[in-house]
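Student: coords please:
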Amino acid sequence: MASVGGSAAAPPPPLLPKESFFRRYKFLWPMILAVNLSVGAYLVLRTKKKDVGTDAGEVSDSPSNSVSSSAAITAAPPVQPAIVREPISGEQQREIFKWILEEKRKLKPKDPEEKRRIDDEKAILKQFIRAKSIPSL
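Tutor: The predicted model follows:
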């Protein structure tokens, strides 16, 4: 019944190497990556939207925005003088008016008020195109 020398006891089965955390949950990594990217994109777009409002010169009275708006005002580059360009000739102005008229014709009005406004603008453009001399602005 009892064997001599301890050869009767079976050796324990070899232990399987334990999988690492990353391999065990490899199906979660694409989801985590997608969530992180979407949250990051949301935060970037949200801060850009806030920056655009402060760059436009909007100043609010709230104390939290007063620091950021004053920093944006002081960080603005110095104002450069306006560039003076040569006046456009009458023939070039007519070509521009014709192009604008063509673009107005392509517009699809959403309501009768917008259609009336577009028609008025087209009538003014037609008057400028037909005129012998175009008034300078």
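
Student: so what's Pro135 up against?
Tutor: By Cβ atoms under 8 Å, 6 or more residues apart in numbering, Pro135 lies in contact with nothing. For glycine as for every other residue, the C-beta is placed from the backbone atoms N, C-alpha and C.

Student: tell me the spacing between it and Ala10.
Tutor: Plainly put, Pro135 is 108 Å away from Ala10 if you go by Cβ to Cβ, to the nearest Å.

Student: same question for Val39.
Tutor: For Val39, the distance to Ala10 equals 54 Å [Cβ to Cβ].

Student: next one: Leu45, what pLDDT does it get?
Tutor: pLDDT recorded at Leu45 is 87.

Student: which helix in this structure runs the most residues?
Tutor: Using DSSP state H, we find that the single longest helix of the chain is helix 29-55.

Student: one step back: between Val39 and Ala10, who's got more neighbours?
Tutor: Val39 (10 against 6; other Cβ atoms under 10 Å).

Student: quick one, what contacts that one?
Tutor: Val39 neighbours (Cβ under 8 Å, 6+ apart): none.

Student: tell me how far Ile124 lies from Leu101.
Tutor: Ile124 is 10 Å from Leu101, where distance means Cβ to Cβ.
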